[in-house]
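> need coordinates for the following:
(one chain, ligands or ions: 2)
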Amino acid sequence: MATFILTTHHTPRDLGDRVALGFTKALRLLADTFFAKRYGHRAIVLETVAAVPGMVGATLQHLRCLRRMQHDRGWIHTLLDEAENERMHLMTFVEVAKPNWLERVLILLTQGAFYNAFFLLYLISPKTAHRVVGYFEEEAVVSYTGYLAEIDAGRHANPPAPRLAIDYWKLPETATLRDVVLAVRNDEANHRDVNHGFADTLAGQPSADADRRDEPRKAA
Ligand SMILES: [Fe+2]
Ligand SMILES: [Fe+2]
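Residues are numbered from 1 along each chain as shown. Ligands and ions are numbered 1, 2, ... in the order given. As a prediction, this is how the structure comes out:
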């Protein structure tokens, strides 16, 4: 399994980046207020959101390639993989926690609003849309680090990993929830770097990997 740097943060470089970061921080505050340390429930609701951008991005990149009769540089496959990977996160966490009725309503309303809003944003500025996902994923890494801390402190149970997770991530038969959260956090860090990289490419900027690596962020 490849490992990723946990402390990566992209410094906003223009107005679009600042809007993307502000939007992400506002959603983070909402999620922190609503879920606090109920990480299993938090993961379920947020993974239903996280699985949307990859599908929207893949659809709109696909349509763009058709219109312009151009190759996609491998982006469509990458984005579809991301959407599927996020859906597997969701399927894993519903084995660990069960959403209550309020969370189910929240999921319905959030999907209705977020799918359309993200679609529109991607039409207007694909670069800002990928930056939003990059920042979402920075926050996802922080949240899963918090989840691990709860498990390690003994405040959250550490049951055996669901069968589906063992098969998907090819984990040992003795794997526990902790191993699953580590694998999921690694996926999120990968999505973060891919999406910041796509945003950089669309902005015509060189890869910002170096300055992102140099800038530690606070772990929540
Ligand atoms: Fe995820
Ligand atoms: Fe993700």
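
> show me which residues of the lengthiest helix in the chain are buried.
Longest helix of the chain, by residue count under DSSP state H: helix 39-68. Neighbour counts using 16 or more other C-beta atoms under 10 Å place 39-61 of helix 39-68 among the buried residues. Where you see a C-beta, it was placed from the backbone N, CA and C, and this is true even at glycine.

> so which of the residues you listed are also by ligand 1?
47, 50 (C-beta under 5 Å from the ion).

> show me what secondary structure element comes after the longest helix of the chain.
helix 75-96 (DSSP states H and E).

> residues making contact with that following helix?
40, 43-44, 47-48, 50-55, 57-58, 61-62, 65, 159, 162, 164-165, 168, 177, 180, 184, 187, 191, 194, 198 (C-beta atoms under 8 Å, 6 or more residues apart in numbering).

> is ligand 1 within reach of it?
Yes - under the criterion of C-beta under 5 Å from the ion, ligand 1 is reached by helix 75-96 at 86, 89.

> give the buried residues for that helix.
Result for helix 75-96 [16+ other C-beta under 10 Å]: buried residues 75-76, 78-80, 82-83, 85-90, 92-96.

> ok, now stretch 104-111?
107, 110.

> quick check: mean pLDDT of it?
Stretch 104-111 carries an average pLDDT of 96.

> quick one: average pLDDT of stretch 36-52?
93.

> residue boundaries of the helices in the chain?
Using DSSP H, helices in the chain cover 15-35, 39-68, 75-96, 101-124, 126-152, 163-169, 177-202, 209-213.

> and the fifth one, how far from the chain's centre?
Put simply, helix 126-152 sits 6 Å off its chain's centre (C-alpha atoms, centre = their mean, to the nearest Å).

> so which bits of this protein are right by ligand 2?
So the chain meets ligand 2 at 50, 137, 188, 191 (C-beta under 5 Å from the ion).

> let's see the pLDDT reported for residue 192.
So residue 192 comes in at 97 (pLDDT).

> how near is the closest residue to it other than its chain neighbours to ligand 1?
Leaving aside its chain neighbours, residue 192 sits nearest to residue 137 (3.4 Å; criterion: C-beta to C-beta, 6 or more residues apart in numbering). Look at residue 137 and ligand 1: by C-beta to the ion, to the nearest Å, they are 8 Å apart.
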